[in-house]
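1. starting from these lines, generate the structure:
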Amino acid sequence: MQLKERMTNLIYSKNNRNLATLDRDIEIVLSYFGLGNISYPSFQSVADQYDMGSRQRVKQIIEQKFTSKISAMELDVVLTIQEIIESNKIHFISDLSTEFIRRNVINDDINIKGLLNLIQSMGICKDYEILNLDLTKPSKYDLEIQEEFLMLTDLKSMELNQEFKRVKTYPGKYGMCRLGKIFELGEVQSVDFETMKRLIALSPDSWTLQDDDGVFWYLFENKDNVIINSLEKLANVATNIEIKKLSNMISRLLRRRSLPLGTPSEVIVEKYLTNSKFTSISEHYVSIDVKPTELLRIEKDILNYFQTEEGEYFTYNQIRNYLLSLNYSNSYIVKEVFNSPFIYVEGEMKNYKFSLASRYSKNIKVENEYELFKRRLKNLYGITDQTSDAKRRREQHILSEWLFEGKTHLKCAICGKLFSVKSLVTAHKKKRSLCSENERTDPNIVMPLCLFGCDYLYENRLITIVNGMTEANIIENLTQEEKDRLNAIQGLRLQEEWLKGSIDYFS
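-> Numbers count the residues shown, from 1 in each chain. Reported below is the predicted structural model:
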């Protein structure tokens with residue numbers, strides 16, 4: 001018996017007076033405990049919904065009809081909920097919901113704040129709270145529009161808040177960090193690696209990558225990051241540059257910093273430049289979409305030297321002598337020349353050649369379809385004067401255009417059968433609520449799935465994709481027809497078109 005039905009029956013059995021208003025009172029109780037249609041269940045919101053006038057009246061009804069008469073022992077499903085929640089000091093709400101359904105505790109559509117109202121009114125899980133993913137308290141608006149939250153204890157919240165701030169600070173100095181190194185150094189102890197990894201990936205402005213060796217890299221694309229700062233300075237010289245050259249320049253900048261948290265290879269840097277929200281790719285060139293930032297005086301002098309002196313390549317001594325004549329110290333010259341974001345360095349030690357980044361630039365126009373759709377998605381996330389719900393709708397529309405525009409028929413990515421586009425849906429390879437911003441703005445995050453079974457099977461994890469092939473998850477209680485359907489698509493290989501994108505989209 002589900003929670004809503006169980007609560008309703010208990011309230012009826014415990015209340016044999018005022019039957020004329022009992023149905024309404026039950027609705028009030030259920031609404032406050034998250035089993036109604038109120039997105040932010042509170043005494044006041046329920047009072048407004050049922051035109052009760054006073055929040056105190058709502059509180060009184062809940063007390064009289066429910067909390068004073070029904071114990072957790074009688075509503076035994078609450079004890080199972082308590083067991084699930086107290087099994088860990090921190091949960092993602094989506095994981096809790098999945099576990100509730102798996103344990104056959106709650107199949108009703110329940111509001112998570114209402115659920116917390118329920119169990120805490122019965123003296124259970126009093127030290128737990130609901131927080132946004134940035135560890136702030138959610139507003140009514142947050143609960144209405146966001147898909148994911150945390151439920152955690154007060155103590156865990158304080159510990160995690162301190163460590164999460166530290167984890168978010170590191171990339172500002174180091175540019176890009178290996179999360180595993182932070183754990184090796186003992187900088188995070190409040191949560192496990194996978195939880196912190198997920199928090200980072202779901203944070204606004206985060207960029208994440210799990211490389212071919214399983215190493216998790218991350219940064220935050222904001223003004224505090226050294227890579228973003230370098231791109232803003234480079235924009236004074238060139239806004240389009242060969243991706244191999246730019247990857248080398250940024251890698252050199254990062255290697256010259258003290259990096260106890262690991263140094264990304266040029267390959268990793270290139271992958272970042274390929275799908276950063278500040279870049280687009282065309283013809284092996286990176287188009288940088290940032291506003292130029294003010295250069296330091298020495299940087300202006302270095303730039304002036306390259307632009308006024310004859311020649312394309314210069315030795316370090318030539319640049320050094322010029323800057324010494326302007327009264328810069330030798331140590332300052334070394335630092336700024338070798339860390340310059342707009343100078344490309346070639347050759348070996350003592351035989352370095354220095355050239356201006358604009359030498360490797362080219363006026364290009366992004367024309368390939370993938371980059372045009374990616375730019376549309378990025379621009380959408382740059383719009384701040386609309387609700388998240390409106391952004392999600394526009395995002396889904398753009399992704400659907402990416403898959404279906406100009407087509408009448410297309411093959412389902414999983415079963416490979418040809419369908420009219422009306423029989424296909426725009427399906428996320430990775431659940432949207434688990435996607436970081438750079439994943440949501442990657443057109444390759446979606447694939448077409450048919451409404452004749454594959455969409456349902458993939459959504460419910462009865463079919464997964466492993467090494468590019470379908471893998472059936474045949475669980476108990478499936479009918480023979482359902483098992484036959486799964487067996488029919490077991491071991492099919494997806495077309496390469498649908499395998500594009502990050503290797504962890506299907507994980």
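2. which residues does Asn229 contact?
-> The contact partners of Asn229, by C-beta atoms under 8 Å, 6 or more residues apart in numbering, come to Lys223, Thr293, Pro341. Placement of C-beta: from N, CA and C, glycine included.
3. and the pLDDT for it?
-> We have a pLDDT of 93 for Asn229.
4. returning to that earlier point: please pick the buried ones from the contacts of Asn229.
-> Among those, the ones that count as buried by 16 or more other C-beta atoms under 10 Å are Pro341.
5. can you tell me the helix or strand for the closest residue to Ser39 other than its chain neighbours?
-> Using C-beta to C-beta, 6 or more residues apart in numbering and skipping residues adjacent in sequence, the residue nearest Ser39 is Glu144, 4.4 Å away. When elements are defined using DSSP states H and E, Glu144 is found to belong to helix 140-145.
6. average pLDDT across that helix?
-> Per-residue confidence for helix 140-145 averages out to 80 on the pLDDT scale.
7. the residue nearest to Glu471 when sequence neighbours are not counted and Tyr505, how far apart?
-> With sequence-adjacent residues excluded and distances taken as C-beta to C-beta, 6+ apart, Glu471 is closest to Thr464, at 5.1 Å. Look at Thr464 and Tyr505: by C-beta to C-beta, to the nearest Å, they are 12 Å apart.
8. same check, this time on Leu152
-> The separation that Leu152 has from Tyr505, given C-beta to C-beta, amounts to 28 Å.
9. between the two, who's got more neighbours?
-> Using other C-beta atoms under 10 Å as the criterion, Leu152 and Tyr505 rank with Leu152 on top: 26 against 20.
10. so that one makes contact with His91?
-> Yes - with the criterion set as C-beta atoms under 8 Å, Leu152 and His91 qualify as a contacting pair; they are 6.9 Å apart.
11. just for the protein, where's the confidence low?
-> Within the chain, the ranges that satisfy pLDDT under 70 run 1, 17-18, 107-109, 258-260, 366-367, 382-389.
12. break it into its domains for me.
-> Here the domain parsing of the chain from automatic domain parsing is 1-126, 159-288, 402-499.
13. so can I have TSV of the ones you listed showing distance to Lys362?
-> Converted to TSV, the domains of the chain look like this (distance: least, C-beta to C-beta, whole Å):
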stretch	distance to Lys362
domain 1-126	45
domain 159-288	6
domain 402-499	24
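14. mind listing the strands for the stretch 51-200 of the chain?
-> Taking DSSP state E, counting those that start in this stretch as the criterion, the stretch 51-200 of the chain carries its strands at 90-92, 128-131, 150-153, 177-178.
15. look at the residue nearest to Glu471 and give its secondary structure.
-> Using DSSP: H, G, I helix; E, B strand; the rest coil, the secondary structure recorded for Thr464 is strand.
16. what sits against it?
-> Tyr458, Thr470, Glu471, Asn473, Phe506.
17. farthest-separated two in the residues you listed?
-> In terms of C-beta to C-beta, the contacts of Thr464 reach their longest pairwise distance at Asn473 and Phe506, which sit 13.4 Å apart.
18. give me the number of residues near the closest residue to Asp154 other than its chain neighbours?
-> In space, and not counting its chain neighbours, Asp154 is closest to Asp127: 5.3 Å by C-beta to C-beta, 6+ apart. Using other C-beta under 10 Å, Asp127 has 13 neighbouring residues.
19. equivalent analysis for Glu266, please.
-> As a burial measure, the neighbour count of Glu266 was computed by other C-beta under 10 Å and equals 17.
20. repeat for Pro292
-> The number of residues packed near Pro292 is 14, by other C-beta under 10 Å.
21. number of nearby residues for the closest residue to it other than its chain neighbours?
-> What sits nearest to Pro292 in space, not counting adjacent residues and going by C-beta to C-beta, 6+ apart, is Ala235, at 4.1 Å. Neighbour count of Ala235, defined by other C-beta under 10 Å: 18.
22. contacts only, for the residue nearest the centre of the chain.
-> When the chain is reduced to its mean C-alpha position, the nearest residue by C-alpha atoms, centre = their mean turns out to be Ser436, at 2.1 Å. Applying C-beta under 8 Å, 6+ apart to Ser436 gives the contacts Ala201, Leu202, Ser203, Ser206, Trp207, Thr208.
23. ok, and the most crowded of those?
-> Among the contacts of Ser436, where neighbours are counted by other C-beta under 10 Å, the top count belongs to Trp207, at 25 neighbours.
24. any idea how far Ser42 is from His409?
-> Looking at Ser42 against His409, where the rule is C-beta to C-beta, the gap reads 50 Å.
25. more neighbours: which of those two?
-> Relative neighbour count places Ser42 above the other of Ser42 and His409, with 16 against 12, counting by other C-beta under 10 Å.
26. nearest spatial neighbour of Leu209, skipping sequence neighbours?
-> Trp217 (4.8 Å).
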